[in-house]
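> prediction below, plus the sequence it came from.
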Amino acid sequence: MPKPLLFLDVDGVLNPASPHPDAGFDAHTLLGYRVLLSTRHAGWLRELAGEYELVWATTWEDEANRHVSPLLGLPELPVVRFTGYVPQPGDPRVPLMQLISGRKWPPILRYAQGRPFAWVDDVIPGRLVRRALLRRDRLLLPVDPVHGMERRHVDRLLARPPRAGLLRRSPARP
């Protein structure tokens with residue numbers, strides 16, 4: 001049985017906007033941008049790789065492998081393609097108000113092809129998070145982009161890795 005997928009964003013998750021000064025982030029200039037990365041995240045990602053197959057789900061796409069992976073000591077990871085994604089028949093409809101925040105959803109679902117997965121991002125529509133609560137094959141973890149991924153997110157991912165199938169509801173009591 002293959003490991004569940006773990007879709008990872010970079011900006012707002014591994015590159016927070018304004019982490020605490022003592023949080024262990026180092027500034028790097030990548031592609032002309034100031035990027036904050038932490039060796040703490042590197043260790044957490046290696047820990048998560050024991051339970052998950054890590055996949056970049058970021059608009060950095062291949063640039064994450066070229067620039068971010070080496071700084072975090074990660075191998076080259078598979079990449080979800082967002083650039084040039086053409087909507088496919090059967091893709092979920094994204095409401096107009098969530099067009100920007102929900103644009104990653106169809107390519108992520110298409111990439112997963114029914115495999116259990118977790119998704120860590122700073123821009124996940126609340127509607128998707130609520131729907132995922134009823135499924136055991138999906139775990140969606142929104143992250144505060146100011147602080148980025150924290151240990152509590154890692155603990156949650158390790159405590160409840162997604163598994164195939166839907167949650168069973170308890171029968172109604174008379």
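Yep, that arrived.
> among the helices and strands of this protein, which has the poorest mean pLDDT?
The helix or strand of the chain with the lowest confidence, counting by mean pLDDT, DSSP states H and E, is helix 126-132 at a mean of 86.
> what helices and strands are in contact with that helix?
Applying 3 or more CB pairs under 8 Å, 6 or more residues apart in numbering; DSSP states H and E, we find helix 126-132 packed against strand 138-142. No exception for glycine: its C-beta is placed from N, CA and C like everyone else's.
> any idea of the mean pLDDT in stretch 147-161?
Per-residue pLDDT values across stretch 147-161 average out to 95.
> which helix or strand contains the closest residue to His28 other than its chain neighbours?
Closest residue to His28 in three dimensions, ignoring its sequence neighbours and counting by CB to CB, 6 or more residues apart in numbering: Val35, at 4.9 Å. Here Val35 sits within strand 33-38, counting by DSSP states H and E.
> following that strand, which helix or strand comes up?
Heading C-terminal from strand 33-38, the first helix or strand you meet, by DSSP H and E, is helix 39-49.
> quick check: angle from that next one to strand 33-38?
Computed with axes from the mean of the first three to the mean of the last three CA atoms, to 10 degrees, the direction of helix 39-49 lies at 70 degrees from that of strand 33-38.
> packing partners of helix 39-49?
Taking 3+ CB pairs under 8 Å, 6+ apart as contact, the helices and strands that helix 39-49 lies on are helix 69-72, helix 151-159.
> quick one, the longest one and strand 138-142 angle?
Relative orientation of helix 151-159 with respect to strand 138-142: 180 degrees, computed using the same axes, to 10 degrees.
> who's in contact with helix 151-159?
Helix 151-159 has contacts (CB atoms under 8 Å, 6 or more residues apart in numbering) with Leu6, Trp44, Glu47, Leu48, Glu51, Tyr52, Ala118, Val120, Leu139, Leu141, Val143.
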